[in-house]
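J.: The amino acid sequence is not available; the structure is as follows:
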C-alpha cells in the first residue's frame, strides 16, 4: 500500500547527490535500532542487515519421548485419522507383526501417555476457573488457555523460526524516478509499531501480537459452540505468520460461553454480567503479558543473543458480534454502534463523514465518573452517553494498548461474510441461479448452482464476492436497464460494492448497518498496523478434547521440523556416488526462473513453424544453427505440454508469484484452454492458449505457444461496458492464430465470453489484488498509447 511522498535522502557531505534508479527501495530503520538508512537496488532488496544465519542444532532423536521414529509416525497417522481405541489396538497388533523396524507402542493408553509426555516440548494448556458475581451469587466457568508469552519465547528460541523475526520498526519507500514514495506491507513497516518502539526503552524491542476470537458452531451439525482465541506474532513475515507451520496461528485460549437465562435474558445487568465473564476470562489470558508490557522481559533468542522485549496487542480481529464485547459498548442496541468511532446509529451509511475516535482513556474516564455519581440514573446515563458498558476492560491492563485502536477491519467477516453475504448476495439470489460458465482458476472455488447454497463458510462467501464480476458476468445478459432497472442497478453496485452509500434507495433496502460503516476504518487500519472437529471428540467435554488434539498437532509439526533437519544432515552424509543418476530427459522443461512446462505428451510432427522461428531468431539476435535459417521438415518432432507454470513479480509485495495454466482437452471433465497476457513487439495483448510445445532447433530445445490473440478492434461499445466498468476485447479469427515464445507470457488471466456479442470477451480483474493492479497498469498504458 503506497501512502506518501518523500524526497531522496540528502547527503550530509558536500559530495554530489546520489543517483537513484527507478524502483530502488529505501529502508529507514527506527532510531533505536542504531541502523543507518539504506537504499537497495530492487534486485538486492531483502538482503540488507538482518538476523545472522544460524545452522540449527540437529537432535539425534527428535521423535523423543516416542521410543522410535516409527512409533511417532504411526501415532501421527492415528491422530490424523482420528481412529477409535479399538481401531488403534487393531492397527498396532498388525504393525507389530512386521520386522523391518522396531515398533513398541502397545495400545491406545500407551499412545496417549506418550503424547502427554511430548506435550511439554511446547507450551501446554492449563484449565482455570473464572468466578464472576451476579446478583449476590458467584458463577463459575471453565477457561482453557496457554501462556501467550511462553509460546512466543518458544518461537524466539526455535532455530528455524527465530531467524525470521523482525525486531525493529522500518519505514519503506520506493523510488519512482523522481522521489521516494512510502509504502506499507508488514506490521513493522506501519505507524503503530514505530510509535510503540519510540515509547519503550532504547535498548528494548517490541513483541507484537495479533489476537483473533470467533464464537461459532464446531461443525455443520448440532448446536455445540466453541470460543477459541488464536494468536499470531506480528514480528514474523505475513507468509509465516498467516501460514500453517510452527510460526503460524496458535490457539491460546478457549473462552467460556454463558448460556442464556430466560429469566434475565436481554436485561442490562445480565448482559453486563456476560461481558464481565468475557473480560475476566481474557484477563487471565493476558496475565502473562500485562506486567511485561510495563517492565519488559529478557529472552535469550535462537542465536544466543539476549534481547529485552515489551509485548503489545497490535491487532484485535473479530466479527462484529465480538467487537462490541471487546470494546465494551452496547452494540446493536446502542446510540453509537461502532467500536472505533462515535458515529450515530442512523448515520452508518455515510461513509464519507468523519467522526470522533473512541479511546480507552476516554472510556475509562466516563466509567470512573459514573461510579463516582450518587444516583443510579447518573450511573447508567453517563456511560450510555457513548454506548459504553460499566465493566472493567481486560485490555486496560496492557501498557500502551488501546482496545479501540487495536480493533481492526476483518475483511472476511465484515465484507465477504457480512456486507456481501447477508445483504448484496441475499438480494442477488432473487434473480440468478448459476455460475457454471465461469472459467476455473487456481485457489478459487468453482460454483455451479451457487444460489442453492444454504450453508457456506466465510471462505465461500469470499470466493463468491471476490468474483463480484463473476456475478455480473452471470447476469449482464439477463437484465437490461430499460426492462429490469432495479436488478441492473444492483449489478452496478456489486461491481464496486464499497460505493453502496450512493444508492441507499435501491429496492427499499436499508444499508445502515455496522459492517457497512466499519469499512471506513480500513485505510487507517493498514496505515497504522500493516496488511492477517467433529471426528475428534465424543461430544462430552469437547473443549478439552479439541484443545488436546490441537496441541498434539502442534507437537507433530514441531517434531517434523526437527526431523527435517535430521533428514537434511543424513542426506548430506551420503556419498555423491551413491546418489541415483537423474535422467535429464524426464525433467520438466524450465528456464529456471520465468516458466516451467509440465504434463508432456507423446512427440508428434509439426512443419509450420519455420516463418515464426526465423523471425524470432532475427529479432532476438539468436545465431542460426550452422549459420542457416531454420527449415523444419514434416518429419521433425515436437513435444506437446498441457500444463504451464509462469513465475512473475507480484505488484503487491514484489515477491515471486506463480500462475498455473492449463492447455488441455480434458481437465476436471471439461476442456480448459487458459488465457494469458502476452508482451508482443508492438504492445501487451490478451490471448488464449491453443497449444504449448517444445521443438528442437539444432541442439537447443525451444518452448513455444500457439495462441489466439484477442487484439481485434471491438468497435462500438455497449452502454453496460461503461456502467459495469467492463474491459472488452475481441478475438481474431481462428485462422489468425499466432506463435509466441513462452518467454513472451507475462502471466495468466481470466477472460469470460460475452454470449451476446460473438468472439468478444470481458477481462476479469477482481480475482486478487495482484491481478487488479496488473490489469489496471495494462489498461492505463493501452489508453495512453491509444
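T.: It's in. Computed from a predicted model, the values in this text were never measured in an experiment.
J.: what sits against residue 284?
T.: By CB atoms under 8 Å, 6 or more residues apart in numbering, the residues touching residue 284 are 128, 130, 143, 145. Every C-beta, even on glycine, is put in place using the N, C-alpha and C of the backbone.
J.: Pipe these into a markdown table and attach pLDDT, secondary structure and neighbour count per row.
T.: Listed next are those as a markdown table, based on pLDDT from 0 to 100; DSSP: H, G, I helix; E, B strand; the rest coil; neighbours: other CB atoms under 10 Å:
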| residue | pLDDT | secondary structure | neighbour count |
| --- | --- | --- | --- |
| 128 | 91 | strand | 14 |
| 130 | 93 | strand | 20 |
| 143 | 92 | strand | 23 |
| 145 | 91 | strand | 23 |
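J.: ok, which pair from those residues is furthest apart?
T.: Largest separation among the contacts of residue 284 by CB to CB: 130 and 145, giving 10.4 Å.
J.: pretty sure residue 671 contacts residue 665?
T.: Yes: the pair residue 671 and residue 665 passes the contact test of CB atoms under 8 Å, sitting 5.3 Å apart.
J.: Just confirm residue 563 contacts residue 63, I think it does.
T.: Yes: counting by CB under 8 Å, residue 563 touches residue 63, with 7.2 Å between them.
J.: Show me which of those two is the more surrounded one.
T.: Using other CB atoms under 10 Å as the criterion, residue 563 and residue 63 rank with residue 63 on top: 22 against 16.
J.: and the more buried one, that's in a strand?
T.: No: under DSSP: H, G, I helix; E, B strand; the rest coil, residue 63 sits outside any strand and is assigned coil.
J.: What sits closest to it if chain neighbours are left out?
T.: residue 72 (3.8 Å; CB to CB, 6 or more residues apart in numbering).
J.: show me where the stretch 1-150 of the chain has helices.
T.: For the stretch 1-150 of the chain, applying DSSP state H, counting those that start in this stretch gives helices covering 69-81, 85-95, 108-118, 148-157.
J.: Would you convert the ones you listed into CSV that also reports mean neighbour count?
T.: As requested, these are exported to CSV (neighbours: other CB atoms under 10 Å):
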stretch, mean neighbour count
helix 69-81, 18
helix 85-95, 14
helix 108-118, 17
helix 148-157, 20
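J.: Is it possible to get CSV of the ones you listed that adds distance to residue 385?
T.: Shown next, in CSV, are the helices of the stretch 1-150 of the chain (distance: least, CB to CB, whole Å):
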stretch, distance to residue 385
helix 69-81, 53
helix 85-95, 59
helix 108-118, 53
helix 148-157, 35
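J.: Mind checking those helices for the one nearest to residue 248?
T.: Comparing the helices of the stretch 1-150 of the chain under CB to CB, the one sitting nearest is helix 148-157, at 10.1 Å.
J.: if we can go back for a sec, adding distance to residue 687 and mean pLDDT, write the helices of the stretch 1-150 of the chain out as a markdown table.
T.: Formatted as a markdown table, the helices of the stretch 1-150 of the chain follow (distance: least, CB to CB, whole Å; pLDDT from 0 to 100):
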| stretch | distance to residue 687 | mean pLDDT |
| --- | --- | --- |
| helix 69-81 | 44 | 80 |
| helix 85-95 | 54 | 77 |
| helix 108-118 | 55 | 79 |
| helix 148-157 | 46 | 93 |
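J.: Looking at the ones you listed, which is nearest to residue 368?
T.: Using CB to CB, the nearest of the helices of the stretch 1-150 of the chain to residue 368 is helix 148-157, at 28.7 Å.
J.: for that closest one, packing partners?
T.: strand 204-213, strand 228-233, strand 250-254, strand 297-300, strand 306-318 (3 or more CB pairs under 8 Å, 6 or more residues apart in numbering; DSSP states H and E).
J.: Other residues contacting the shortest one?
T.: This means strand 297-300. Strand 297-300 is contacted from outside by 149, 153, 156, 157, 306, 307, 308, 309, using CB under 8 Å, 6+ apart.
J.: between the helices and strands packed on helix 148-157, which gets nearest to residue 552?
T.: The closest of those to residue 552 is strand 250-254. By CB to CB, the value is 12.1 Å.
J.: what's the average pLDDT for that closest one?
T.: Strand 250-254 shows a mean pLDDT of 88.
J.: Can you tell me how far the residue nearest to residue 63 is from residue 102?
T.: Distance of residue 72 to residue 102, computed by CB to CB, to the nearest Å: 13 Å.
J.: swap in residue 83?
T.: Taking CB to CB, one finds residue 83 at 21 Å from residue 102.
J.: More neighbours: which of the two?
T.: It is residue 83, of residue 83 and residue 102, that has more neighbours when counted by other CB under 10 Å, with 17 against 12.
J.: Please point out which parts of stretch 354-374 sit buried.
T.: By 16 or more other CB atoms under 10 Å, the buried positions in stretch 354-374 come out as 355, 358, 360, 362, 363, 366, 367, 370.
J.: Narrow the residues you listed to those in helices?
T.: 360, 362, 363, 366, 367, 370 (DSSP state H).
J.: Including mean neighbour count and distance to residue 198, could the helices and strands packed on helix 148-157 go into a markdown table?
T.: Formatted as a markdown table, the helices and strands packed on helix 148-157 follow (neighbours: other CB atoms under 10 Å; distance: least, CB to CB, whole Å):
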| stretch | mean neighbour count | distance to residue 198 |
| --- | --- | --- |
| strand 204-213 | 24 | 10 |
| strand 228-233 | 22 | 21 |
| strand 250-254 | 23 | 28 |
| strand 297-300 | 14 | 20 |
| strand 306-318 | 22 | 12 |
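J.: Out of those, which is closest to residue 242?
T.: That would be strand 228-233 among these, by CB to CB, at 7.1 Å.
J.: what packs against that closest one?
T.: Looks like strand 228-233 contacts helix 148-157, strand 204-213, strand 250-254 (3+ CB pairs under 8 Å, 6+ apart).
J.: Adding distance to residue 405, write the ones you listed out as CSV.
T.: Listed next are the helices and strands packed on strand 228-233 as CSV, based on distance: least, CB to CB, whole Å:
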stretch, distance to residue 405
helix 148-157, 19
strand 204-213, 13
strand 250-254, 21
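J.: out of the ones you listed, nearest to residue 322?
T.: strand 204-213 (5.3 Å).
J.: Which neighbours in the sheet does the closest one have, and how are they oriented?
T.: According to DSSP bridges, strand 204-213 has the following sheet partners: strand 228-233 (antiparallel), strand 306-318 (parallel).
J.: related to what we said a few turns ago, mind checking which of the helices and strands packed on strand 228-233 is nearest residue 557?
T.: Taking CB to CB, strand 250-254 is the member of the helices and strands packed on strand 228-233 nearest to residue 557, at 10.4 Å.
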